[in-house]
Structure formats: C-alpha cells, structure tokens
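Visitor: just need the structure, nothing else, for what follows:
(chains A and B)
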Amino acid sequence: MTRDEDQARLIATAAGLTRLNEKHLAQLAQSVASTRELAAKLPKDLHWSEEIALTFRLPMPGDAKP
Amino acid sequence: MTDLAYLGLADAAELIRARKLSPVEYTQALLERIGRLDARYHAFIRLTPDLAMAAAREAEREIAAGNWRGPLHGVPFALKDIIDVAGLPTTAHSKVLIGNVAAADAPVTARLKAAGGILMGKLATHEFAIGGPSFDLPWPPAVNPWGDDRRFPGGSSSGSGVALAAGMVPAALGTDTGGSVRNPASMCGITGLKPTYGRVSRRGVLPLAYSLDHVGPMTRTVRDNALLLQLIAGHDPQDPGSAEVEVPDYSADLQRGVRGLKIGLIRHFYAEDIEADPEQAQAIESAAEVFRRLGAEVREIRLAPLVDYATSTRIIIRCEAFAIHRRWLAERPGDYGDLARQRILDGAAVSAADYIDALRLRARLTRRTLEAFAGIDAALTISSMDPACRIDDAEACPRAYPRQARQPFNVTGQPAIAVPAGFSKGGLPLSLQLIGHPFQEAMVYRIAQAYERATGWTDRHPEC
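Guide: Numbers count the residues shown, from 1 in each chain, chains lettered A, B, ... in the order given. Alright, predicted model coming up:
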C-alpha cells in the first residue's frame, strides 16, 4: 500500500466516508496526490495581514440581508 | 421552420407583441424541432411539453387581451437542471438526486415565469456542474451540434449551449463557478454572460461552490442576452451573496459603439501562460483590430499568471464542493458518476490551512486585477484555448478543461461574456471574452454588441 493510499484511508475515516469501496479509495488516493501538487502552487509570500476574500461581516443597522 | 428555430428573443418579442407570431405556434414548432433533434444532441434531461403548451395558450390569451408583459412573454426558454422549478425534479444530471422534486421555484425561475416565458424543460449539465462529459450517468451527455456530431459542447451548462446552438430555444440559463456558462458558449458558438458576483440570485440553485457560483443568461446574440439579464438581475435579501446594487437598463447603450473607449488586451493569458491554438489566438488578435477600426483604443495590460487564478479557484471549488456533498458521498458514493466523485473527493484531501490560503490569494488577485483595470473600460482576452475536442476522446476532454482563461473572473467576481469570434478551418466555433468592472455589465454588452454587429458571426448556425 502506498503512502497516498494510507492517507486516503485516514481521510475517509476522519470525514465519515465509511462506505467508499476500493475503487473509491483509489480515487481518494489520486486526490491526495493531486492536492499535494495543487497546494504547492500556492504563493509562499502571503503576509499574515492579507485577510481572506469574503471576510465575515455583520449586517449594518437597517440592512435587509440576513 | 428554420426561421422560427433561430429567431432571437428580441425579434420574437416584437412579432409576438404585434400579434404576427402566435406563442402557441412558436412553442409547438420548437417542441417539434426538439422532438426531431434531441435524440442526437441530448440537450434536454426533461422536456415539459404539456406545461409549455398550457403556458403558451395562456400567454396567447393575455396578449390577445392587450396584456403584453414584456419581451419574454410567450417566448420559450429552458433551465439547466440545477435550477429549481416547483413540482419538477432538480437532478443535477445525477442518480443521487433523481427523485429530488423542488418545492418552490428558484427566484430566477419565478422571474422568468412572471415575465410570461414558456418553460420548455430542464437541460443537461455535467453531473453536479462539476464532472463531465460522463457516460455513466442516468442520461447521456449533451453533444455539440457543430462539427461532426461528436464534439464536446463544453460545460457544465452543456445542455444550455447545445439547445441554443441547435435552435431549440432562444434563451436559457446556465451557471458559472469556474467558467461553466462561458465554456459552452465558446464551444457552441453562442453568447453567455457570467454577471458580477451577487448580481443574480443563486437561491434555489444547487450550489457547487458558494463563493464562486453565478447564474448567467445564455442566448445567441448580445441583444437577447441583455434582455434576459434584465429579467433576472436584482437584489435577493435571502441570498447571502446577493448585492444591493441598482439594476440599470442593459439595452440602453447597446448601439453606442466603442469609439473613444479604452479596451485592455490580456495577451499573456494565451501567448505566454498557456499557448493557445493558433486559430483561436488569431481570433483574439483580429478582434482587437476590429475594435481599433471601430474607434476604440486597445492597449495591452498584464494580470497575474493564469496558474495563480487557477490554483485559487481549484482549491476553493474542491473544498466548498466537498463540504456540500460530504453527506451524500458518505451515504451513497456509488450513485455518483466516476468523474464527479473523483472531483468532489479531491476536496477531502485539502487542508484547512490551504483553503484559507486560497481565499487569501483570491483577495490578493482581486485587488491586483481591479488595479490593472484602472484606466480601461473593459478587457479583451481568450475564453477557451482550443476549439471543441471530440466528446468521446477520454484524454482530450480532461486536457481541454484547464486550457482556459475564465477562472480569473470567477475569482474576482467581475462580469465576463463569451461571444462568437469566427470559425476554425474545421468549421468549429471560436470565441472571445470581454470583462468589465464590477456591476458594469452594460459596458460589456455595449462592446460585445459593437463586435457582433461588425462581424456577423452570430448569423451562422450549424446544419442540424
């Protein structure tokens, strides 16, 4: 069993995906590998002061939004 | 029949209002056409002929009594099957939701019905707007009417693009999370707009990724697109992403032309970041010349590389989609098609910190993109890097998906339209993309209309 397959089983258990069969787990192992590649493309120079897009905002007084 | 098949929304509205075209005969003619063609193209998941004919008869009665409601009154339209219609299943083209009957109309559905539109049915999509083309679902994938009847129509609003290109309806709605209105518009040679984030209510529309989802109008022409957006745009206090911004008249400036406007050309997307098909790249260069000839100032601008936008978009979609699907995946993983399951499972493998960083990258990219737009009225670039591949080419379709420049404007939320920009030597549609400032859809339409009028690409239709 590869490291990605091991990790896929751990992720499935943690996420409550208990009904995944071997084919599905193999897909999740692919996800582990592709996510590692994708995350490596995130910039390394994000400063802590750079906040997320769509930061939570309370409605203003009189705002119709929920 | 050909005339009615490719009659546009605006032209149909004029004829119906003048009582030169019967909504009943129009609807009947398009239903017959769908009946003749849809076994080949699979645009519809569910056709609703009885509902359509009843609505057409009612429209005809109202108009005869002098109660014309507006440009959609008595005009057929159809909806991507992730948009709720009360009493009909919203399946998302998936076995998972095959019995999911909607209790209420989505606000966009309600608006189109209130405008007197004739709902013809629900349209094919990639499963859950993420995985396609797939051949292991309860319904076959939609097929592009251009080319050899074996071409990929793009997605995920695949049925919407196909129904328009095949002359089955003059108006449809799609949704766009990473380009899913503009991709089928580009592949099928029609016009599709992703409005500004928050411009159109997403309530009653099955989400793919909350922070990137948009509902958008799809038509064959720019003028029709402006009319359709007019009907669905506006604030929805029950949609947390909805913007409380006044809705202008999107048709008011359509004929003003582009003389004196400043258009930024984003060339590095297709010349450096990804090397586009030469014919498709040339179509953008030719469009820039058309705008110059029409009196616009076209100058090159630079944004971040495409890979930055793609990284942010893909991580956000993975995480938000997985959060939405986790319960269904836990209970019924075998009911998903292979492709959608793979793409949704991807989200299970992303760490929370990487998701947060993708959102922080999004904020940075948005800020820098809007800075680059200072001093221009809109930008021009490519939509798809290539014309449509074969739908049954299992390697070409996944390879084609990332070869695009649509995701940047899901990241930034800016309005972006894909319009026809000619044809390849093989007879397949080429397209361009125009991007505006937030809530400046009217400017995007104005520029797109000038191009459409100057080139006439929308006058060509596939031989169905």
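
Visitor: show the end-to-end separation of stretch B:115-135, please.
Guide: 36 Å (CA to CA, to the nearest Å).

Visitor: near chain A at all, that stretch?
Guide: No. Figure legend: stretch B:115-135 not in contact with chain A (CB under 8 Å from any CB of the partner chain); closest approach 11.4 Å. Where you see a C-beta, it was placed from the backbone N, CA and C, and this is true even at glycine.

Visitor: which ones are touching residue B:194?
Guide: B:176, B:179, B:181-182, B:214, B:216, B:406, B:409-410, B:415-417 (CB atoms under 8 Å, 6 or more residues apart in numbering or on different chains).

Visitor: tell me how many other residues crowd the closest residue to residue B:172 other than its chain neighbours.
Guide: In space, and not counting its chain neighbours, residue B:172 is closest to residue B:160: 4.0 Å by CB to CB, 6 or more residues apart in numbering or on different chains. As a burial measure, residue B:160 scores 39 neighbours (other CB atoms under 10 Å in any protein chain shown).

Visitor: with only the CA atoms kept, save whichever strand or helix holds residue B:160 in CSV.
Guide: Assigned by DSSP states H and E, residue B:160 falls within helix B:158-165. Extracted C-alpha coordinates of helix B:158-165, given in CSV (Å, rounded to 0.1, in the frame of the first residue of the first chain):
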residue,chain,number,x,y,z
SER,B,158,-23.7,21.9,-21.7
GLY,B,159,-27.4,21.4,-22.5
SER,B,160,-28.0,25.2,-22.4
GLY,B,161,-25.3,25.7,-25.0
VAL,B,162,-26.5,22.9,-27.2
ALA,B,163,-30.2,23.9,-27.1
LEU,B,164,-29.3,27.4,-28.2
ALA,B,165,-26.9,26.3,-30.9
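
Visitor: which helices and strands does that helix pack with?
Guide: strand B:44-47, strand B:76-80, strand B:118-123, strand B:171-175, helix B:182-188, strand B:215-219 (3 or more CB pairs under 8 Å, 6 or more residues apart in numbering or on different chains; DSSP states H and E).

Visitor: and the angle from it to strand B:215-219?
Guide: Helix B:158-165 runs at 30 degrees relative to strand B:215-219, counting by axes from the mean of the first three to the mean of the last three CA atoms, to 10 degrees.

Visitor: return the distance of helix B:158-165 from the chain's centre.
Guide: Relative to its chain's centre, helix B:158-165 lies at 9 Å (CA atoms, centre = their mean, to the nearest Å).

Visitor: circling back to that earlier point, mind putting the helices and strands packed on helix B:158-165 into JSON lines with distance to residue B:394?
Guide: Shown next, in JSON lines, are the helices and strands packed on helix B:158-165 (distance: least, CB to CB, whole Å):
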{"stretch": "strand B:44-47", "distance to residue B:394": "23"}
{"stretch": "strand B:76-80", "distance to residue B:394": "24"}
{"stretch": "strand B:118-123", "distance to residue B:394": "24"}
{"stretch": "strand B:171-175", "distance to residue B:394": "24"}
{"stretch": "helix B:182-188", "distance to residue B:394": "17"}
{"stretch": "strand B:215-219", "distance to residue B:394": "27"}
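
Visitor: out of those, which one sits most buried?
Guide: Comparing those by mean neighbour count (mean count of other CB atoms under 10 Å in any protein chain shown), helix B:182-188 comes out on top with a mean of 34.

Visitor: which other helices and strands contact that one?
Guide: Using 3+ CB pairs under 8 Å, 6+ apart, helix B:182-188 sits against helix B:158-165, strand B:191-194, strand B:416-423, strand B:429-436.

Visitor: would you reformat the ones you listed as JSON lines and include mean pLDDT?
Guide: Output for the helices and strands packed on helix B:182-188, formatted as JSON lines (pLDDT from 0 to 100):
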{"stretch": "helix B:158-165", "mean pLDDT": "98"}
{"stretch": "strand B:191-194", "mean pLDDT": "98"}
{"stretch": "strand B:416-423", "mean pLDDT": "98"}
{"stretch": "strand B:429-436", "mean pLDDT": "98"}
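
Visitor: of the ones you listed, which approaches residue B:323 most closely?
Guide: strand B:191-194 (22.5 Å; CB to CB).

Visitor: adjacent strands (with direction) for that closest one?
Guide: If you go by DSSP bridges, strand B:191-194 pairs up with strand B:215-219 (antiparallel), strand B:416-423 (antiparallel).
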